[in-house]
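> Sequence first, predicted coordinates after that:
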Amino acid sequence: MDIGLIARLLPHFLQAAGLTILISTLALALGLAVAAGIAAARLSPSRVLRGFGAAYVSLIRGTPCLIQLFLIYFGGPQVGITPGPFAAGVIGLGLNIAAYMAEAIRGAILAVDRGQSEAARSLGFSRGQAMRRVILPQAARLMIRPLGVNAIALVKGSSLVATISVVELTYTAQRLIGSTYRPFEVFGIAALLYLVIIHTLRRGIDRLDRAYAPG
């Protein structure tokens, strides 16, 4: 192992790690926003909205994330949309993870005892008020762990944006291989930085889970 090479390459990887964190954070924010809408559609009394939500989840979960990225980045110009690599990566990852997060949100809401909603309605709450004031506060605790798992999967999946030339950790490793011919050190640094990012995220999820634990 060439320690000197690792020291020289580390600043490049730290910069790339910052971009990995940024693209993952933005994709996570987009994914949560879309997931909330899809989950609401899936739980809606409207058959049209339920059908739309189910179709979205089925389509996204039934096709590879890489193909979805290619459709946005390479296929977008055919329909008049020309996102740059970074924007395409955020949109692709965000829309993909939204399908999984929507099911996590829906599952947490359905896990709340149905009697809670009925009790709220008997007190005069509307369906929306019962959801906001009674169901969601209880479901939020149940969402933390599955949403956290999805967030970790998103960080790992962010390596796919290397295929559309986003200069994050994986792309940086691939580029440096060509100039150093030292795959062990190069990919070792990338793997270590992914591990640090994911470990930090996992610790944050654990702390949040404990903070909202009953009692």
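Alright, I've got the coordinates. Numbering: from 1, shown residues only.
> Stretch 18-34: which residues count as buried?
19-21, 23-24, 26-28, 30-32, 34 (16 or more other Cβ atoms under 10 Å). C-beta: built from backbone N, CA, C; applies to glycine.
> Which of these fall within helices?
Mapping the buried residues of stretch 18-34 onto helices (DSSP state H) picks out 19-21, 23-24, 26-28, 30-32, 34.
> can I get the CA coordinates of stretch 14-29 in PDB?
This file holds the C-alpha atoms of stretch 14-29, laid out as PDB (Å, rounded to 0.1, in the frame of the first residue of the first chain):
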ATOM      1  CA  LEU A  14     -12.700  14.800   0.100                       C
ATOM      2  CA  GLN A  15     -13.900  17.300  -2.500                       C
ATOM      3  CA  ALA A  16     -15.700  14.500  -4.200                       C
ATOM      4  CA  ALA A  17     -17.200  13.300  -0.900                       C
ATOM      5  CA  GLY A  18     -18.600  16.700  -0.400                       C
ATOM      6  CA  LEU A  19     -20.400  16.500  -3.800                       C
ATOM      7  CA  THR A  20     -21.700  13.000  -2.900                       C
ATOM      8  CA  ILE A  21     -23.200  14.400   0.400                       C
ATOM      9  CA  LEU A  22     -24.700  17.300  -1.400                       C
ATOM     10  CA  ILE A  23     -26.300  15.300  -4.200                       C
ATOM     11  CA  SER A  24     -27.600  12.700  -1.600                       C
ATOM     12  CA  THR A  25     -29.000  15.500   0.600                       C
ATOM     13  CA  LEU A  26     -30.800  17.200  -2.300                       C
ATOM     14  CA  ALA A  27     -32.100  13.900  -3.700                       C
ATOM     15  CA  LEU A  28     -33.300  12.900  -0.200                       C
ATOM     16  CA  ALA A  29     -35.200  16.200   0.200                       C
END
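> Quick one: residues in contact with that stretch.
Contact partners of stretch 14-29, identified using Cβ atoms under 8 Å, 6 or more residues apart in numbering, comprise 86, 89-90, 93-94, 97, 151, 154-155, 158, 161, 166-169, 171-172, 193-194, 197.
> List only buried entries from those residues.
Neighbour-count burial within these applies to 86, 89-90, 93-94, 97, 151, 154-155, 158, 161, 166-169, 171-172, 193-194, 197; the criterion is 16+ other Cβ under 10 Å.
> Would you map the strands across this structure?
For the chain, applying DSSP state E gives no strands.
> my read: Ala99 touches Arg61, true?
Yes: using Cβ atoms under 8 Å, Ala99 is in contact with Arg61, at 5.1 Å.
> With neighbour numbers in mind, choose between the two.
Legend: neighbour count by other Cβ atoms under 10 Å for Ala99 and Arg61, higher for Ala99 (22 against 13).
> Count residues in the vicinity of the closest residue to the more buried one other than its chain neighbours, would you?
Distance criterion Cβ to Cβ, 6 or more residues apart in numbering; nearest residue to Ala99, sequence neighbours excluded, is Ile60 at 3.6 Å. Close neighbours of Ile60, defined as other Cβ under 10 Å, add up to 19.
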